[in-house]
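Participant: Structure for the following, please:
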Amino acid sequence: MPPLPPTRLNSALLVRKEEVPDTTKPPAPPATGHRVNVSYRPRSSTYERLRQLAFTERRPIQAIIDEAVEQWLASHTE
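Facilitator: Alright, predicted model coming up:
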């Protein structure tokens, strides 16, 4: 059986790009300040918990680690 020719598009389905509303948020701006590379090697069980939290919170692992370090430093400074 020969292949069927392509069907014509219904012009009622066509929409101009300007008419389509934005449905997603713009990406978050990059973190302010210069970053420095610090090596952190968590145990595999800790990393797995961190990975799962990042997935459920829909946040990057780096952001979670930054928040945790900031909280720890705030509680240990005079």
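Participant: buried sites along stretch 54-74?
Facilitator: Within stretch 54-74, the residues scored as buried using 16 or more other CB atoms under 10 Å are A54. Any C-beta I mention is one placed from the backbone N, CA and C, and that applies to glycine too.
Participant: which residues of the protein fall in strands?
Facilitator: Taking DSSP state E, the chain contains no strands at all.
Participant: Distance of V36 relative to R8?
Facilitator: The spacing between V36 and R8, counted by CB to CB, to the nearest Å, is 59 Å.
Participant: With L73 instead?
Facilitator: For L73, the distance to R8 - CB to CB - is 64 Å.
Participant: can you check P29 too?
Facilitator: P29 is 45 Å from R8, by CB to CB.
Participant: again with S45
Facilitator: 58 Å.
Participant: cool, P60 as well?
Facilitator: Distance of P60 to R8, given as CB to CB: 45 Å.
Participant: Low-confidence regions, this structure specifically.
Facilitator: 15, 17, 19-22, 27, 30-31, 78 (pLDDT under 70).
Participant: give me that answer again for 80
Facilitator: Residues of the chain meeting the criterion pLDDT under 80: 1, 6-33, 78.
Participant: residue ranges for the helices of it, please.
Facilitator: In the chain, the helices defined using DSSP state H lie at 44-57, 61-75.
Participant: tell me which strands and helices the longest one is in contact with?
Facilitator: Meaning helix 61-75. Judged by 3 or more CB pairs under 8 Å, 6 or more residues apart in numbering; DSSP states H and E, helix 61-75 is in contact with helix 44-57.
Participant: Output the contacting helices and strands for the helix it packs on.
Facilitator: Applying 3+ CB pairs under 8 Å, 6+ apart, we find helix 44-57 packed against helix 61-75.
Participant: got the contact list for the helix it packs on?
Facilitator: For helix 61-75, the external contacting residues (CB atoms under 8 Å, 6 or more residues apart in numbering) are 31, 40, 50-51, 53-54, 57.
Participant: PyMOL command to pick out the buried ones of those?
Facilitator: Selection of buried members from the contacts of helix 61-75 for PyMOL, criterion 16+ other CB under 10 Å:
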select buried, resi 54
